[in-house]
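[1] let's see this in three dimensions:
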Amino acid sequence: MTLLNKMMNFEALNHEEMGTFIATLLSETTPLEDKVALLVAYTMKGETSDELYALCENLIHTMYPEQPQYPGSMCVCGTGGDGSNSFNISTTVSFVAASGGIEVVKHGNKSVTSQSGGMDILQAMGIATTPVQNVMQQLKDTHLAFVSATESYPVMKNMQPVRVKVGRPTILNLVGPIINPFALDYQSMGVFDPTRMIKIAEVLQRLGRKRAIVIHGANGMDEATLSGDNQIVEMDQTIGIREYTVNATDYGLRYAPDEALQGGTPEENMEITLNILNGTDQSVRRDVVLLNAGLAFYTAEIVETIEAGIAHAASCIDSGAAFKQYEQARGVAV
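    Below is the predicted model of the structure:
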């Protein structure tokens, strides 16, 4: 039975078959239409936890037989694919998180399913990405490094045309945030599909994260949002995996529909981010950044509670530290 037929029959793939699947997608000689057929079939089949781990582990070790490590390192990112066209919440959160004591290694890509991905807004801001070999020094200097997925995993460039051709979320949306080139201590990862949260938490556990949270936002966003109960799966190497919900209004933040968080072009999203970081924007857009930054501070063990994390995030913005972090990322003397 061919790999494609096995997927179309919704059968699980073993480790060897996952290797073949990955090698085919990465191949420079496999026709685009064959790659598209495989990726669509796999997406329709759905992944098991073991398959997702095998996929991530294989891609990581393709480039990094021994992943670099940095104490306290964390990535704050989402899978994309939620169709919300929100402004770049996780990128904005990264500046706040780094200004508040987290060593942030933000792994991102250009957008496939929205107007502005993480790398798109950085380009608008004039912020350069950091090559993997320079990340440790960048963290020592500024506590924040933005790493391009296509630079850290150049083999993934062969998948980009396939993703564009498919035109909707695939397994690669899940993989991208997980395969940070660094062996992270912490991670906050938003997902568009709540049925995958436990699988992702299990994979992050097997990859050695000390603590991680997987977030499915109210009404389907891949960030914690203000429109209701956000589903959280928290993984801690000491206590295991637990599930709970977080509602912004329980922490004194305002309710808002997801439409209030919409962004636009990279340039429009840049303006939103800067106005939040410099304190000009006191709207619900600030609130959603406080919520997600608060969750990041809690996950990275900077604070003991989510409530304390939100307060810490507010102080990072109000003190000017978050905006200084942005200026430092642009190379402006601060």
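[2] OK, contacts around the residue lying closest to Gly108 once chain neighbours are set aside?
    Leaving aside its chain neighbours, Gly108 sits nearest to Gly118 (2.9 Å; criterion: CB to CB, 6 or more residues apart in numbering). (C-beta placed from N, C-alpha, C; glycine too.) Applying CB atoms under 8 Å, 6 or more residues apart in numbering to Gly118 gives the contacts Cys77, Asn88, Ser90, Thr91, Lys106, Gly108, Asn109, Phe146.
[3] switch to 7 Å and redo it
    Contact analysis of Gly118 by CB atoms under 7 Å, 6 or more residues apart in numbering lists Asn88, Ser90, Thr91, Lys106, Gly108, Asn109.
[4] I'd like to know how many residues surround the fourth one.
    Counted with other CB atoms under 10 Å, the burial measure for Lys106 works out to 25 neighbours.
[5] what lines up beside the strand or helix carrying it in the sheet?
    Using DSSP states H and E, Lys106 sits within strand 103-108. Strand 103-108 has the following strand partners under DSSP bridges: strand 73-78 (parallel), strand 144-148 (parallel).
[6] next SSE downstream of that strand?
    Beyond strand 103-108 toward the C-terminal end (DSSP H and E), the next one is helix 118-125.
[7] average pLDDT for that next one?
    Averaged across helix 118-125, the pLDDT comes to 88.
[8] quick one, that helix and strand 73-78 angle?
    100 degrees (axes from the mean of the first three to the mean of the last three CA atoms, to 10 degrees).
[9] now helix 118-125: how far from the chain's centre is it?
    The chain centroid and the centroid of helix 118-125 are separated by 15 Å, computed with CA atoms, centre = their mean, to the nearest Å.
[10] for the helix or strand just after it, which positions count as buried?
    Counting by DSSP H and E, the next helix or strand C-terminal to helix 118-125 is helix 135-142. Across helix 135-142, burial judged by 16 or more other CB atoms under 10 Å covers Val135, Met136, Gln138, Leu139, Thr142.
[11] distance of the second one from Ala98?
    This points to Met136. Going from Met136 to Ala98 by CB to CB, to the nearest Å gives 15 Å.
[12] count the neighbours of Gly72 for me.
    By other CB under 10 Å, neighbour count at Gly72 equals 17.
[13] my guess is it contacts Val104. True?
    No - applying CB atoms under 7 Å as the test, Gly72 and Val104 come out as separate, 9.7 Å apart.
[14] show me where the stretch 151-300 of the chain has helices.
    160-166, 171-178, 197-206, 266-277, 284-299 (DSSP state H, counting those that start in this stretch).
[15] contacts for the next helix or strand after the longest one, please.
    The one in question is helix 284-299. Proceeding N to C from helix 284-299, the next assigned helix or strand is helix 306-318, under DSSP H and E. Applying CB under 7 Å, 6+ apart, the contact partners of helix 306-318 are 96, 99-100, 246, 251, 277, 279, 290-291, 293-295, 297-298, 302-303, 322.
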